[in-house]
Every structure is written in structure tokens, then in C-alpha cells.
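**Q** Give me the fold of what follows.
(2 chains)
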Amino acid sequence: MSPVADKLATSGAPSGPAPVSAGARPARGRRPIDRLDTLLGGAVRAGLWLWVGMLVVLTLWVVVSSLKTTREIFADPFGLPKSPQWRNYSVAWSVSGFGRAAFSSVVVVAAAAVLTMVLATPASYVLARSDRRSASRVVTYFAVGMGIPAQALVVPFFLMSNDLSTFMTEWVTGWWDDRISLVLIYIVLSLPFTVYLLTMYFRSLPTEIEEAAAVDGAGPTRTFVQIMVPLARHGLVTALVLNTVALWNETLFVLVVVGDPQQRTLPATLLGLYESMQYTSNWGGLFAGIVILVMPMILLYLWAGRRIVQAMTQGALK
Amino acid sequence: MTRTRTVGGVRGERDRIYVPYLLPALLIYTVLFIAPSAVTIWYSFTRWEGLGTPARFTGLANYRAMLTNPVFLTAFRNTLILVVLGGVFVFALTFLTMIVVREMRGRAFVRSVLFVPSILSPIAIGTAVGFLLNPDGALNRLLSDVGLHTLTRGWLGPDLIFKCIIAAVVWTATGFYVAIMMSRVDAIPEELYESARLAGANRVEQFRYLTFPLSRDAFSTGAVLWVIGSVKTFEIVIAFTGTAGTPPVQARSAAVEQYLAVTGGISGTPQLGSAAAVGVVMFLLTAVLVVTLRRLLRSEVVEL
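**A** Here you go, the predicted model:
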């Protein structure tokens, strides 16, 4: 008997009034407590469906509202539009700057997510494989970063990006784009988690293949690039997806570091538009902006939902 | 010359790449993550009104001010309430869900929908929900239409706004913790549940004696993640109130207060020293809560 079943049997889980004789008893409805249990189960199930329903309705409501005129949104908040206002999207895209912001988001997130992998993958590989005593200490050193809130870095990052901008403009290139600073910040913020996750992943891979490759005459660099990276592709994609989702939604450092509203990414642009609503009152455009911001993540989820859930939960449990 | 090498030789060769492969990541992490975190501690002992002005050493003045300034105290109290009370709600809902979701009809659909909010921008969620809760917004309209006038409220007024924020956070965050716990529960062999049922264990008992003990490690990881994440709550607050400039004091979290101190808020004068101090206190808060949780939740691992 497994320890759990053992525990289950000895801890007196089904301590009904009658002595328990396994198998002879119907599972349900015998004791009053079981009836209560059935009732609770029904209530929780109903509650869950209500919760799911509210999430679905809220999503549909945002999409429908994005196709309404401002007048319709206020006159009949839960009704359908007379004719769908696709104009809201073109206005949001070109007038409210969501097109520009989408470009910034894609470039910044892609650059940061990929460069993070370029830095973290080789480091994690040697950390996972090295016999040196320092290796496990370095892994712990990276793990510490996962517990440091980004807020502990806001002030220095704000100052450093200012200094970097001034330095580059005055001494080196003659210009600077705060989005480059943002990419650097994103890489730094993603490193601890990525190194930790990938080290755990490389450790879980068998060593025989690389040893065979080495015996066949492949140098360590070639073994890493041609054998280990393809072998670890599942873990690498997991880390890439996790960082992409997190960075796509990041807002604090965009607001702190990128001074020019025209250069900001999607979440900050949505926030800016929301703040200006009392002057512009293009509420349909605001909802179109929400859709533009969340649509890529929804599509990613529809395309690779199970993998994302797996990545996020296993990334957490590693 | 021979092409055969020993495994020991392979290890030696691999050791050659240890430093060059590790160094770039290690240097960047040390110089741009660990060192700035340490510099934040130094800034927190200064008074500094932004670029171009001198930073003056003032010792513990920022920390003392935080303890006496009602605005800061409200922000920290709010954050603590969100972490503790929100956490209780999140995990209570997670456990309730775990009791039924394993074998209910449509479970795959339910689980995948509940997870969606965790990959969506809190700014988007906050904007949409904040609009629903406006004084003349959709929720109050709906309530009056179905004859529940008495329930209409100023949801975003000073009394209710933070409660609404907690509710929105719980409502959107719980799905992630359900997913974490369920990824462990999925690994529990069905036979165990069968024998539990045969022994007459009802659903709550199955949860108590089987599901929970076997997913305890996922619970302690989830609880730590909740603390690390919720201490930083920022986006949903500014999106809810629609004003990055000045959310009402009652709604501010510590992270919002820090953001206002960095950018200057309404006064327009940044307080970089106190912003740094807020960051340090948030780090300490996270560390203390995580260590406490680890202590509380430490247990022997149940072997299958």
C-alpha cells in the first residue's frame, strides 16, 4: 500500500457513525455530512460557472463596445451597435497612436526577450553542467533576484537611463532613444528568472548525448550550439514565451523611463488615452485600444494555450 | 594522436567554457541588478528633489517621515491588506475550485477560461472594469434597471474603491493559482481517488486527506508567488482610477505612492530619496513575508 493510501486509511477520513467496511458502503448520501457535501459541490460548481460567465461576458462586452459610438456606449451600455463602427479602430490606430505603440511594443519586447535568451542560455548551460563549487552558489545568487521587487530598482534605473541618454547624446551618437534603455532594463529584469529556470531545465537533460558528441570529437562550443540548444528547445521556448507575456504587459518602467509619450508601448498608450478621455471622449476608440492591447495575447493563448499554462505553472514550480 | 577521449577529458574541456559562457550574464546581473539595488539603500538615506539638484544625506529622515505621513501609511496599509486579505480570498477560492473542478463537466473549458486574465495587461482589465464601475457607469445602470436601486453605489468613491480593487485583483488572479495547484493535482493517480471513494470519503474529505496533502508543495510555491506579485500591485490601481497623475489617497498602494514620488505627482517635485525608501521597505516586506510563509508552510514531502 502506498504511504498516502495508508495515511488515508489510518487518519480516519470517513469516520462515519457506523464502523467502516470498505466496499460495502455506497459512496454518497449516507451521512448528513455527505448531503451537505453534495450541496456544497453544487453551489461551488454554480459559482464557478458564474465566474467563467462573467469573464466571457466582460470580454465580449469590451469587443462589442469597441464597435459602438460614444453615444451608444452611454445610452445603452449592454446593447449592440446599430452599425459596427470599425472607424474606432482606425482612429485608435492612427490618431490615438496605437499603431506607433504597437510597433514600439513589438520591437522592444522582441529585442529584450531574444537578447535575454542569448545571455541566459549559455550561462545556464555551464551552471547546470559544471562541477565547480561556485556553480551552485551562482545559481542561488541569481535566484535572489527573483525575490527583489522591481520597485527596489525604480530610482536607480530612472537615473541611469537619464545619464545614459545625456552621455550618448553629448559624447557618442548625438541622439538617443529611451526605448533602447527600456530594452536594457527588460533584459536585466528578466535575467534572474530565466537563468534559474533554464539551469533547472538543463539539469533535467541527460548528459550521455553530449559526452558521446565530445568523444566523437566535437568541441564544447559545437556541442552546445548544435546539440544542447536543439535538445533544450522545449525549455527555451517556455522561457521565451513567459518573458514575452510578462514584458508585453509591463507598464511601470515605460512610464518612468520613456519620457516621450509618442515612444511608449501599448499599455502606457492605453493609459494615456484613458486619462485624456475627459477631453477627447472617444470612448469607442478607448475600447478599440483595449482590444488592440490584449488581442495578441488572446491569439497567442488560442494558438498555444496549453503550452502557456504549462510553461507558467511549471516555470513556477521548478 | 588519437581521436578517442575520455569522459574526464570532456569535463575538462567543458570547464574551459565555464567562465566565458557565464561571465556576460553574471556581469550584467551584478552591475545592473544587484549593484543598483544596493545603491537604492544609499539613496533612501538622502533627500533628493530630482536631477540637477544635489542629494543631501539625511539619515533615517525618509523612514521616519514614512511612519508619520498619513499618505504613506495608507499606501502601506493598503498593500498589506491586499497581500493578506486578497491572499486569503485567492486561496480560499482556489481550494473551493479544486474540490469540484477535477471531475466536473466542462472542466477543461473552465480551467482554460479562468487562466486567461493572468496573461492580460492589468491596465486593460482595470480600464474596462473601472469603466463599468463609474458612478453613471454600466453596473449602476444595470442595478437600477433590474430594480435594485438600493444597491447602486459610488463604487469608485473613497470608501469603496480599494475594496473594488481587491475584488478585481482576486477575480482576475485566482485562475493562475488554480492552474498551479491543478498541475500538481493532475499527477495524482486516479486509483487513489477510487479507493478514497470506496472508503466512503466525500468530496471535502477527498480534498482534505488526498488532494491537499499531495499538492502542498505547489501551495507553498503559489503562496510565495502571490506575496512577491501582490506586494508590487501597481497597474490595476492607476488603470482603475484612470489617473496615473493622482489616484485618490484611499486607492494607492505602496508601488503607486513610489511612482508618484519618482515622477513628482501633482506637486511636480520628485522625491527620489523617499521613493528609494519605499522601494527598500517593499523589499523588506517581501522578504519578511516570504520567510514567514516558508516557515509556516514547511512540511515533510509526501511521497507517492
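
**Q** got the phi/psi numbers for residue A:132?
**A** Backbone torsions of residue A:132, given as degrees, to the nearest 10, read phi -60, psi 150.

**Q** actually residue A:83, not the one I typed
**A** Here residue A:83 shows phi and psi, under degrees, to the nearest 10, equal to phi -130, psi 140.

**Q** Spit out the contact partners of it.
**A** Neighbouring residues of residue A:83 by Cβ atoms under 8 Å, 6 or more residues apart in numbering or on different chains: there are none. Yep, even glycine has a C-beta here, placed from its N, CA and C like the rest.

**Q** for residue A:256, same thing?
**A** Taking Cβ under 8 Å, 6+ apart, one finds A:154, A:157, A:158, B:259, B:262, B:263 in contact with residue A:256.

**Q** What about those residues, which one has the most neighbours?
**A** Across those, the neighbour count under other Cβ atoms under 10 Å in any protein chain shown reaches its highest value at residue A:154, namely 27 neighbours.

**Q** Surely that residue is within a helix?
**A** Yes - Residue A:154 forms part of a helix when assessed by DSSP: H, G, I helix; E, B strand; the rest coil.

**Q** per-residue confidence for it?
**A** Residue A:154 carries a pLDDT value of 95.

**Q** Pull the number of nearby residues for residue B:150.
**A** Neighbour tally, residue B:150, other Cβ under 10 Å: 8.

**Q** Can you check the pLDDT for it?
**A** Reading off the confidence values, residue B:150 has pLDDT 75.

**Q** That one - that's part of a helix, no?
**A** Yes - assigned with three-state DSSP, residue B:150 falls within a helix.

**Q** gap between it and chain A?
**A** Distance, residue B:150 to chain A, by Cβ to the nearest Cβ, to the nearest Å: 20 Å.

**Q** That residue: what's it in contact with?
**A** No residues are in contact with residue B:150 under the rule Cβ under 8 Å, 6+ apart.

**Q** Go again with 10 Å.
**A** Taking Cβ atoms under 10 Å, 6 or more residues apart in numbering or on different chains, we find residue B:150 in contact with B:143, B:144.

**Q** just residue B:149 next, same as before
**A** Taking Cβ under 10 Å, 6+ apart as the criterion, residue B:149 is in contact with B:140, B:143.

**Q** what about residue A:54, how many neighbours?
**A** Residue A:54 is surrounded by 11 other residues when neighbours are defined as other Cβ under 10 Å.

**Q** okay, it: pLDDT?
**A** According to the model, residue A:54 scores 92 on pLDDT.

**Q** Spatially nearest residue to it, not counting backbone neighbours?
**A** Distance criterion Cβ to Cβ, 6 or more residues apart in numbering or on different chains; nearest residue to residue A:54, sequence neighbours excluded, is residue B:171 at 7.7 Å.

**Q** and the one you found, what element?
**A** Assigning secondary structure by DSSP states H and E places residue B:171 in helix B:161-185.

**Q** Please point out which parts of that helix sit buried.
**A** For helix B:161-185, the buried set under the neighbour-count rule, 16 or more other Cβ atoms under 10 Å in any protein chain shown, comprises B:161-162, B:164-185.

**Q** show me where pLDDT drops low in chain B?
**A** By pLDDT under 70, the weakly predicted segments of chain B are B:1-11, B:243-245, B:266, B:299-304.

**Q** Residue A:67 sits in which helix or strand?
**A** Using DSSP H and E, residue A:67 falls within no helix or strand.

**Q** circling back to that earlier point, chain center to the helix holding residue B:171: distance?
**A** Using Cα atoms, centre = their mean, to the nearest Å, the distance from the centre of helix B:161-185 to the centre of the chain it belongs to is 10 Å.

**Q** what's the answer for stretch B:173-188, then?
**A** Taking the mean of its C-alpha atoms, stretch B:173-188 sits 17 Å from the chain's own mean (Cα atoms, centre = their mean).

**Q** Number of residues surrounding residue 160?
**A** All of this refers to chain A. Count around residue A:160 with other Cβ under 10 Å applied: 18.

**Q** not quite, I wanted chain B
**A** A count of nearby residues for residue B:160, using other Cβ under 10 Å, gives 16.

**Q** Next up, the contacts around it.
**A** By Cβ under 10 Å, 6+ apart, the contact list for residue B:160 reads B:133, B:153, B:154, B:167, B:250, B:251.

**Q** Return the closest of those residues with respect to residue A:128.
**A** residue B:167 (42.7 Å; Cβ to Cβ).

**Q** Is it correct that that closest one is in contact with residue B:86?
**A** Yes - shown here, residue B:167 and residue B:86 form a contact pair, counting by Cβ atoms under 10 Å, at 9.0 Å.

**Q** can you give me the strands in the stretch 51-200 of chain B?
**A** Listed in chain order, the strands found in the stretch 51-200 of chain B under DSSP state E, counting those that start in this stretch are B:56-57.

**Q** out of the contacts of residue B:160, which are inside helices?
**A** Among those, the members falling in helices (DSSP state H) are B:133, B:167.

**Q** Including secondary structure, could the contacts of residue A:256 go into JSON lines?
**A** Converted to JSON lines, those look like this (three-state DSSP):
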{"residue": "A:154", "secondary structure": "helix"}
{"residue": "A:157", "secondary structure": "helix"}
{"residue": "A:158", "secondary structure": "helix"}
{"residue": "B:259", "secondary structure": "helix"}
{"residue": "B:262", "secondary structure": "helix"}
{"residue": "B:263", "secondary structure": "helix"}
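
**Q** Residue B:120 and residue A:233: what is the separation?
**A** Residue B:120 sits 27 Å away from residue A:233 when distances are taken as Cβ to Cβ, to the nearest Å.

**Q** okay, the two: which has more neighbours?
**A** The neighbour comparison of residue B:120 against residue A:233 (other Cβ under 10 Å) goes to residue B:120, with 21 against 10.

**Q** What is the neighbour count of residue A:149?
**A** Using other Cβ under 10 Å, residue A:149 has 21 other residues around it.

**Q** correct me, but it touches residue B:83?
**A** No - with contact defined as Cβ under 10 Å, residue A:149 does not reach residue B:83; the gap is 11.9 Å.

**Q** Touching both of the two, which residues are there?
**A** Counting by Cβ under 10 Å, 6+ apart, the shared contacts of residue A:149 and residue B:83 are B:228, B:229, B:231, B:285, B:286.

**Q** separation between the closest residue to the last one other than its chain neighbours and residue B:143?
**A** So the one you mean is residue B:286. What sits nearest to residue B:286 in space, not counting adjacent residues and going by Cβ to Cβ, 6+ apart, is residue B:231, at 5.0 Å. In this structure, residue B:231 and residue B:143 are 34 Å apart, going by Cβ to Cβ.

**Q** Out of those two, name the residue with the larger neighbour count.
**A** Residue environment comparison for residue B:231 versus residue B:143 gives the larger neighbour count to residue B:231, 22 against 15, counting by other Cβ under 10 Å.

**Q** OK, contacts around residue 190?
**A** If you meant another chain, say so; for now it's chain A. Contacts for residue A:190 (Cβ under 10 Å, 6+ apart) come out as A:112-113, A:115-117, A:119-120, A:239, A:242-244, A:246-247, A:250.

**Q** not quite, I wanted chain B
**A** Remark: with contacts taken as Cβ under 10 Å, 6+ apart, residue B:190 is in contact with B:102, B:103.
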